[in-house]
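A.B. asks: Model the structure of this input:
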Amino acid sequence: MPRTIRTLTASEVEKLVEWAAREGWNPGIDDAAALRAADPEGFIGAFVTGEMVAGISTVAYGAEFGFIGLYICRPDRRGEGHGKAVWDAGMARLGDRIVGLDGVAEQRANYQHKGFVPAYETVRFSGRPARLTGGREIRSVAAAETAEILAYDRQCFPAPREAFLRAWLRPPRIAMMSTGSAGLAGYGVARRCREGFKIGPLFADDMETALALMAELTGRTAGEALHIDVPATQIGFTAVLQAVGMVPGFTTTRMYRGGKPGNVPSKVFGITTLELG
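C.D. replies: Numbering: from 1, shown residues only. From the prediction side, this is the model:
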């Protein structure tokens, strides 16, 4: 059967996110629209007789950085080359940009063969933290403060992503910020997922601010389980998470092709999403 490769519509992006849920990735309830806002042309599918058989997100954050995610082939159509077809189309679209991805352990060697270089490990922590206290001034992010968030985010993320953040910061997501004498010191977002809530991003000047933001987000998530993907390099932060009852689970490897971006990794306590970086 002939295969067609094309950009996904909004409803097809929703379908791809639903596939991710079936794979056990636990995406957010309202993820599809916000993810697509980052780059509406960046979601690609393979179709056979009009049915989607594989998909991938290849989001271009401007001219210098891109990110690969949501790379899924329908289980009953695996082994037919559809996954490779969307991968090749996505990588061609991103061209000479630095490209990032979060790869599971069993795919790490495959991505290295494709030119991706490991940067750091990310660990999923899950549970309901107990005895986590604040100690910083924390408040909800107001619409008027979006520009300040965008400027701070640019220190922590490899490229500007205004369209995505304007969608990501909106309710029903819970967006909190911390301020100090020098201005914004960090921010974090929690969103409802198929199971519990995920926190991401969690960006802060220091561990104390990150913990204060997490404490506030914990208090606003109705007693449900929390999940956060933490760079393993944040040794002190991960130690505190375990001490308050969060349990480490599966790991991924952040990998880049074409060089390393120039963000400040010490401010990253929780990545935004495994799908978009």
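A.B. asks: from here on, contacts and neighbour counts on C-alpha atoms
C.D. replies: Will do.
A.B. asks: Do I have it right that residue 42 meets residue 62?
C.D. replies: No. Between residue 42 and residue 62 there is no contact under C-alpha atoms under 8 Å: 11.7 Å.
A.B. asks: So for those two, which residue has more residues nearby?
C.D. replies: Between residue 42 and residue 62, counted using other C-alpha atoms under 10 Å, residue 42 has the larger neighbour count: 23 against 12.
A.B. asks: For that one, give me its contacts.
C.D. replies: Residues near residue 42 by C-alpha atoms under 8 Å, 6 or more residues apart in numbering: 7, 36, 57-60, 90.
A.B. asks: let's go with 6 Å and repeat that
C.D. replies: Contacts here follow C-alpha atoms under 6 Å, 6 or more residues apart in numbering; on that basis residue 42 touches 57-59.
A.B. asks: Closest one of those to residue 269?
C.D. replies: residue 59 (22.4 Å; C-alpha to C-alpha).
A.B. asks: what about that closest one, distance to residue 275?
C.D. replies: Distance of residue 59 to residue 275, given as C-alpha to C-alpha, to the nearest Å: 10 Å.
A.B. asks: about what we covered before: filter the contacts of residue 42 to the buried ones?
C.D. replies: Buried subset of those (neighbour count, 16 or more other C-alpha atoms under 10 Å): 57-59.
A.B. asks: and which of these is nearest residue 114?
C.D. replies: Nearest to residue 114, judged by C-alpha to C-alpha, of the buried ones among the contacts of residue 42 is residue 58 at 15.5 Å.
A.B. asks: Next, the buried residues of the strand or helix carrying the closest one.
C.D. replies: Using DSSP states H and E, residue 58 sits in strand 51-61. Within strand 51-61, the residues that count as buried by 16+ other C-alpha under 10 Å are 52-61.
A.B. asks: do stretch 202-213 as well
C.D. replies: By 16+ other C-alpha under 10 Å, the buried positions in stretch 202-213 come out as 202-205, 207, 209-213.
A.B. asks: Using PDB, write out every CA atom in that stretch.
C.D. replies: Extracted in PDB, the C-alpha atoms of stretch 202-213 (Å, rounded to 0.1, in the frame of the first residue of the first chain):
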ATOM      1  CA  LEU A 202      10.200  23.600  37.400                       C
ATOM      2  CA  PHE A 203      12.800  26.300  36.800                       C
ATOM      3  CA  ALA A 204      14.400  28.200  39.700                       C
ATOM      4  CA  ASP A 205      17.500  30.100  40.800                       C
ATOM      5  CA  ASP A 206      18.300  27.600  43.600                       C
ATOM      6  CA  MET A 207      17.100  24.400  45.200                       C
ATOM      7  CA  GLU A 208      15.300  26.300  48.100                       C
ATOM      8  CA  THR A 209      13.100  28.200  45.500                       C
ATOM      9  CA  ALA A 210      12.500  25.000  43.600                       C
ATOM     10  CA  LEU A 211      11.300  23.200  46.700                       C
ATOM     11  CA  ALA A 212       9.100  26.200  47.700                       C
ATOM     12  CA  LEU A 213       7.400  26.200  44.300                       C
END
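A.B. asks: got the contact list for that stretch?
C.D. replies: So stretch 202-213 is contacted by 134, 136, 185-188, 267-270 (C-alpha under 6 Å, 6+ apart).
A.B. asks: Fine by me, thanks again.
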